[in-house]
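In: This is a predicted model, with the sequence first.
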Amino acid sequence: MQSLFSFCVLLFATLVSAISTTGDRLLVILDDVADKASYSKFLGDLESRGFNIAFETPKSETLSLFRLGERAYDHVLFLPCKSKGLGPNLTPNVLLQFINADGNILLTLSSGNATPSSLVSLLAELDIQLPIDRTGLVVDHFNYDAANAADLHDVLLLPPPGSVRPDVKDFFSAGTDASKEVLAFPRGVGVALGGGELLTPIVRAPRTAYSYNPKEQAEVVDEVFAAGEQLALVSAMQARNSARLTVVGSAEMLQDGWFDVEVKKVGGQAAKTFNREFAKRVSGWTFQEIGVLRVNWIEHHLNEAGASNESNPEIYRIKNDVTYTISLSEWSWSAWTAFKVPTNDLLQLEFSMLSPFHRLPLALDAAHSSPEAAAYTASFTVPDQHGIFNFKVNYKRPFLTNVEEKNTVSVRHMAHDEWPRSYAISGAWPWIAGIAATITGWLGFCALWMYSAPTDKKKESKKTQ
Amino acid sequence: MAKSRNNRDVAPSAAATTQASVTSTSSTANITAPAATTTTAKSSKAAAKSSWDQMVLNIANHYTKSTPQRTKLLDAFMAFLVVVGALQFLYCILAGNYPFNAFLSGFSATVGQFVLTASLRIQTTEANKSDFPAVSPERAFADFVVCSLILHFFCVNFIN
């Protein structure tokens, strides 16, 4: 009975902990705990995926992201707050510390509430610019929802996002019927992203959208914060330690009212919103449920006939033939899967001393792969340069956690007896003959010298002189 | 050293004025016979040519007569080394220096052997005895053998 109970506990524990690779403690910060009712489907989805959700208001005395120097939560979800600041427990510095400690943050903005100054500072730190006066509204007079915002045009209908670049893995696009599904983006804030490589837009605004300040009651919009594809509606930041921060421009798109409802495009075509699936993917990506890479093992060895087959030796010789293999897995919602490099992308190996001497594509090695892990391999000849070298795999791509693996080996020069013998090189034969002639000549000379004793006559004549 | 050799040269050739005048290396000869040089300068070209021939012959004769057997042996060996070294160098120029260590060791074997042999010649020449009072010919030869063996070891090792 007891063993059965412990088995059940264990099973439950594995089921629950199997959801995110970094942890299941999720903190939701909102103004009023009663507000969570409008997000019940979204939060329910999170809970059913195994997250352990805690709710706090910014004003709470007990709120602290750290406890005894360790993270108290693994993930934080910010829902819109009416207050101007977030109090002493959520300063930008604390939030950056949280990211530095591998914590993930999902931030939602809303055009109804001015963004708290703490979050504005945090985003400014990450080179994400919010509209002036901390408030803005994205409208589009061509792609609005005719059913719900016929007058104000502030509910944008967008096609489900595709791949950002051809070589980037696509985590957020629609499943089967992309044409029928639309993403509703009601009353949201668009942000402008800086040029940093850590920032990636997930959803950009359509070409005809623009952002303005709804508090200005002018007929004509004078100063547009940003327009068209400059506006990022949903954007992602992945820090160098692979901690993730996502900015969702419209908190309302995560509410129950916009999950799986019928909307009407301007052309008159009715469609279903893609919001629920999109919310799952965005939160799943932010909380490290997808796009997490793991290095299982790295192996390198000599690839020469007759050489020892030792794994990961610490020393190689110049011009040795070497094979390097790395095994990678990708976490996908609930299991480790074999990591497949996107079609237009390359996983590369560098063999470097200060600068790379080789930069080679790694090819899939089916012999060492399994459904849970994919092995990538490359064979090459060590350069004609001795010193301390690194096998380096530096794979940093948007939406995938960073892989930076460095294995140091020494490369020694040729030992004295590893050079080819001179008689094996026909070009050296004349000089071998030269040495042979010198030595035999010398031997002959010595023999003659010893047999030819100096004559006494000569000595006598010298003496007389 | 130079003085003693000159004295030796002049003593037998005092009778023949032509020879004395041409061996310009000896300063004493020039001073002792200034009249003779003037007479030879006036003589015809054929006579000059024959005098050159005669001079070479004279030197050769003198060398064969007055040089000890061992010194001749040394000279022959050094000439042999020069020939072998020149052939190797020529081959390097004509055919390229591909296994460069082979060229270096082959060529330096002859050069080093030449230097060692020259040292042996200097140490064993009777005329230089005063310069090396502590070195007997046997001792010089032993040094020569040991150094040569070391040289050969290095060259064979270096050519691999």
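Out: Done, it's in. Numbers count the residues shown, from 1 in each chain, chains lettered A, B, ... in the order given.
In: burial of the residue in the stretch 51-200 of chain A positioned nearest to chain B, as a residue count?
Out: When distances are taken as Cβ to the nearest Cβ, the stretch 51-200 of chain A reaches nearest to chain B at residue A:167, 47.3 Å away. Where you see a C-beta, it was placed from the backbone N, CA and C, and this is true even at glycine. By the measure other Cβ atoms under 10 Å in any protein chain shown, the count of residues near residue A:167 is 14.
In: Phi and psi next, for it.
Out: Phi and psi for residue A:167, reported as degrees, to the nearest 10, are phi -100, psi 10.
In: confidence score at it?
Out: Looking at residue A:167, its pLDDT is 86.
In: Next one: the closest residue to residue A:200 other than its chain neighbours relative to chain B, how far apart?
Out: With sequence-adjacent residues excluded and distances taken as Cβ to Cβ, 6 or more residues apart in numbering or on different chains, residue A:200 is closest to residue A:398, at 4.1 Å. Between residue A:398 and chain B the computed distance is 53 Å (Cβ to the nearest Cβ, to the nearest Å).
In: Relative to residue A:293, how far out is residue A:398?
Out: 13 Å (Cβ to Cβ, to the nearest Å).
In: Between these two, which is the more surrounded one?
Out: residue A:398 (20 against 17).
In: Please list all residues in contact with that one.
Out: Contacts for residue A:398 were tallied using Cβ atoms under 8 Å, 6 or more residues apart in numbering or on different chains; they are A:164, A:165, A:168, A:200, A:236, A:238.
In: Quick check: the residue of chain B nearest chain A.
Out: Counting by Cβ to the nearest Cβ, chain B gets nearest to chain A through residue B:106 (3.0 Å).
In: now the helices for the stretch 351-465 of chain A?
Out: In the stretch 351-465 of chain A, the helices defined using DSSP state H, counting those that start in this stretch lie at A:429-451, A:456-464.
In: and the ones you listed, which is most packed in?
Out: Ranked by mean neighbour count, the helices of the stretch 351-465 of chain A are led by helix A:429-451 with a mean of 17 (mean count of other Cβ atoms under 10 Å in any protein chain shown).
In: What lies in contact with it?
Out: Under Cβ under 8 Å, 6+ apart, the answer for helix A:429-451 is A:422-423, B:70, B:73, B:77, B:80-81, B:84-85, B:87-88, B:91, B:95, B:99, B:102-103, B:105-107, B:109-110, B:113, B:117, B:141, B:145, B:148, B:152, B:155-156, B:159.
In: Tell me where chain B has helices.
Out: Using DSSP state H, the helices of chain B run over B:2-13, B:17-22, B:27-32, B:34-42, B:45-66, B:69-95, B:100-124, B:137-159.
In: Do you have the strands of the stretch 101-250 of chain A handy? List them.
Out: Taking DSSP state E, counting those that start in this stretch, the strands of the stretch 101-250 of chain A run over residues A:104-108, A:128-129, A:137-140, A:155-158, A:181-186, A:191-193, A:199-204, A:209-212, A:231-238, A:244-248.
In: Pipe the ones you listed into CSV and attach mean pLDDT per row.
Out: Output for the strands of the stretch 101-250 of chain A, formatted as CSV (pLDDT from 0 to 100):
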stretch, mean pLDDT
strand A:104-108, 94
strand A:128-129, 91
strand A:137-140, 88
strand A:155-158, 87
strand A:181-186, 86
strand A:191-193, 92
strand A:199-204, 91
strand A:209-212, 87
strand A:231-238, 93
strand A:244-248, 94
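In: what would the ones you listed look like in a markdown table with mean neighbour count?
Out: Listed next are those as a markdown table, based on neighbours: other Cβ atoms under 10 Å in any protein chain shown:
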| stretch | mean neighbour count |
| --- | --- |
| strand A:104-108 | 25 |
| strand A:128-129 | 19 |
| strand A:137-140 | 24 |
| strand A:155-158 | 26 |
| strand A:181-186 | 25 |
| strand A:191-193 | 22 |
| strand A:199-204 | 21 |
| strand A:209-212 | 23 |
| strand A:231-238 | 25 |
| strand A:244-248 | 26 |
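In: measure the residue nearest the centre of chain B to residue B:83 for me?
Out: The residue lying closest to the centre of chain B (Cα atoms, centre = their mean) is residue B:75, at 6.3 Å. According to Cβ to Cβ, residue B:75 stands 13 Å off from residue B:83.
In: do residue A:350 as well
Out: From residue A:350 to residue B:83 the distance is 56 Å (Cβ to Cβ).
In: For chain B, give me its nearest residue in chain A.
Out: residue A:431 (3.0 Å).
In: Check the residue nearest to residue B:160 when sequence neighbours are not counted and give its pLDDT.
Out: Spatial nearest neighbour of residue B:160, chain neighbours left out: residue A:422 (5.0 Å); criterion: Cβ to Cβ, 6+ apart. The score at residue A:422 is 87. That number is its pLDDT.
In: got it, and the one 4 residues further on?
Out: According to the predicted model, the pLDDT of residue A:426 comes to 88.
In: burial measure for it, as a count.
Out: Count around residue A:426 with other Cβ under 10 Å applied: 9.
In: Quick check: it vs residue A:438, distance?
Out: 20 Å.
In: can you check residue A:33 too?
Out: 100 Å.
In: Kindly report the same for residue A:173.
Out: Residue A:173 sits 80 Å away from residue A:438, going by Cβ to Cβ.
In: Run a quick neighbour tally on residue A:81.
Out: By other Cβ under 10 Å, the residues close to residue A:81 number 24.
In: now swap in residue A:392 and tell me
Out: Residue A:392 has 17 nearby residues by other Cβ under 10 Å.
In: Nearest residue to it in space, please, no chain neighbours.
Out: residue A:350 (4.3 Å).
In: Between the two ends of stretch A:401-419, how far is it?
Out: Taking Cα to Cα, to the nearest Å, the first and last residues of stretch A:401-419 lie 46 Å apart.
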